[in-house]
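Asks: the following comprises the amino acid sequence and a computationally predicted model.
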Amino acid sequence: MSACEKCWVDSQNAQHYMDLINERNAAGRPCTPEEQAGPGAQPCPSCKRMTLHQYTGEPMCGCKERNA
């Protein structure tokens, strides 16, 4: 699974990263698929949202197609 780019930038270190994700999820404010994919994301071929992860090409939107 690819990292959430928004949480990674906001946490500034690996130790705080998972705490931040858990905190946001528990508060009912998880990052959007677009935020998770990062500013360099590409459009998903299935849903057309900018949700293909900027480094891995994983569709953060839940669609099955990946960036080749």
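Replies: Noted; the coordinates are in hand.

Asks: next, name the residue at the spatial heart of the chain.
Replies: residue 36 (1.7 Å; CA atoms, centre = their mean).

Asks: contacts for stretch 44-64, please.
Replies: The contact list for stretch 44-64 (CB atoms under 8 Å, 6 or more residues apart in numbering) reads 1-2, 5, 33-34, 36-43, 65-68. The way it works is simple: take the backbone N, C-alpha and C, and place the C-beta from them, glycine included.

Asks: on that earlier part again, got phi/psi on the residue nearest to the centre of the chain?
Replies: When quoted as degrees, to the nearest 10, the phi and psi of residue 36 stand at phi -60, psi -40.

Asks: surely it meets residue 6?
Replies: Yes - with contacts counted by CB atoms under 8 Å, residue 36 reaches residue 6, the gap being 6.6 Å.

Asks: hang on, the earlier thing: any of the contacts of stretch 44-64 buried? List them.
Replies: For those, a burial check counting by 16 or more other CB atoms under 10 Å picks out 2, 5, 33-34, 36-38, 41.

Asks: would you mind giving those as JSON lines with pLDDT and secondary structure added?
Replies: Converted to JSON lines, the buried ones among the contacts of stretch 44-64 look like this (pLDDT from 0 to 100; DSSP: H, G, I helix; E, B strand; the rest coil):
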{"residue": "2", "pLDDT": "93", "secondary structure": "coil"}
{"residue": "5", "pLDDT": "97", "secondary structure": "helix"}
{"residue": "33", "pLDDT": "98", "secondary structure": "helix"}
{"residue": "34", "pLDDT": "98", "secondary structure": "helix"}
{"residue": "36", "pLDDT": "98", "secondary structure": "helix"}
{"residue": "37", "pLDDT": "98", "secondary structure": "helix"}
{"residue": "38", "pLDDT": "98", "secondary structure": "coil"}
{"residue": "41", "pLDDT": "98", "secondary structure": "coil"}
